[in-house]
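Asker: Provided below are the primary sequence and the corresponding predicted coordinates.
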Amino acid sequence: MEKIKGKRTAAKIWLTRAANTLQELIDASPTGPESPTQGEFEAAIGEFTSRLHAFDVAQENYEGVISEEDLEAEITEVAVYREGVSKTRVRAVESSSRRFRAATPAASLAGSTSSSSGVRLPKLQLPSFAGEAMEWPSFWEQFEIAVHLTDVDEVNKFTYLKSCLKGEASRAIEGLSLTRANYNIAVDLLKSRYERRELLVVAH
């Protein structure tokens, strides 16, 4: 149990460091020679998402070995911590979106209905998702079958994903530009945000 607890503690330290890095980017001046770039924001958001996933895995392992008497208090404490660091990521995405919106052509998303080879994407009947945690499993199962597991290019998968998201869910990834690498970051971000929240809702 001590080994599992130690891994959880280490994962939490790494996640806190990643959140602090995001906060530093948020606090940095948007102008000047040392102003953070869009790439720095995206890299830091990707690092945070990876660390959050690692923490979730370590936390779930730890929850599996502690007593039932301690479990509810543990989940409550972690939910508060996780919500706090997740808000930092949301603020980072929002900050990135505000800073670099002008650098992204307004027609980029409209034009992204075409694939990277110039072929117009077929219109799919896809579900929408607005951020309700309990609806995430159903949404992802449908999207995974229709898009995620296909051989469609990641840029076009990202286009489909963006078209499905509304409200809070859309805002969660709006700071990510339409690139292959960012598709996987967006998926990881949404999974870590809503899969874990759905588990916490079920637990209560």
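Answerer: Happy to help now that I have it.

Asker: if we look at whichever strand or helix holds Glu168, which residues are touching it?
Answerer: Counting by DSSP states H and E, the element that carries Glu168 is helix 167-173. Under the criterion CB atoms under 8 Å, 6 or more residues apart in numbering, residues 90, 93-94, 129-131, 162, 165, 186, 189-190, 193-194 lie in contact with helix 167-173. No exception for glycine: its C-beta is placed from N, CA and C like everyone else's.

Asker: highest neighbour count among those residues?
Answerer: Each of the contacts of helix 167-173 was scored for neighbours by other CB atoms under 10 Å, and Ala186 scores highest at 27 neighbours.

Asker: secondary structure element holding Lys162?
Answerer: Assigned by DSSP H and E, Lys162 falls in helix 154-164.

Asker: how close does Thr150 get to Ser163?
Answerer: Distance, Thr150 to Ser163, using CB to CB, to the nearest Å: 15 Å.

Asker: give me the more crowded residue out of the two.
Answerer: Neighbour count, other CB under 10 Å: between Thr150 and Ser163, Ser163 has more, with 17 against 12.

Asker: now the more buried one: closest residue in space that isn't a chain neighbour?
Answerer: Distance criterion CB to CB, 6 or more residues apart in numbering; nearest residue to Ser163, sequence neighbours excluded, is Leu126 at 7.0 Å.

Asker: may I ask you to confirm that that neighbour belongs to a strand?
Answerer: No: in this structure, Leu126 is coil, not part of a strand, as judged by DSSP: H, G, I helix; E, B strand; the rest coil.

Asker: can you put the contacts of helix 167-173 in a markdown table and add distance to Lys5?
Answerer: Output for the contacts of helix 167-173, formatted as a markdown table (distance: CB to CB, whole Å):
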| residue | distance to Lys5 |
| --- | --- |
| Val90 | 29 |
| Val93 | 31 |
| Glu94 | 34 |
| Phe129 | 35 |
| Ala130 | 37 |
| Gly131 | 32 |
| Lys162 | 39 |
| Leu165 | 36 |
| Ala186 | 32 |
| Leu189 | 27 |
| Leu190 | 29 |
| Arg193 | 25 |
| Tyr194 | 27 |
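
Asker: how about TSV for those residues, with pLDDT and secondary structure added?
Answerer: Below are the contacts of helix 167-173 laid out as TSV (pLDDT from 0 to 100; DSSP: H, G, I helix; E, B strand; the rest coil):
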residue	pLDDT	secondary structure
Val90	81	helix
Val93	81	helix
Glu94	81	helix
Phe129	95	strand
Ala130	94	coil
Gly131	91	coil
Lys162	94	helix
Leu165	96	strand
Ala186	89	helix
Leu189	84	helix
Leu190	89	helix
Arg193	82	helix
Tyr194	85	helix
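
Asker: residue farthest from the centroid of the chain?
Answerer: Distance to the chain centre peaks in the chain at Glu69, reaching 31.7 Å (criterion: CA atoms, centre = their mean).

Asker: now name the helix or strand holding that residue.
Answerer: Using DSSP H and E, Glu69 falls in helix 68-100.

Asker: next, count neighbours for Ala172.
Answerer: Ala172: 21 surrounding residues under other CB under 10 Å.
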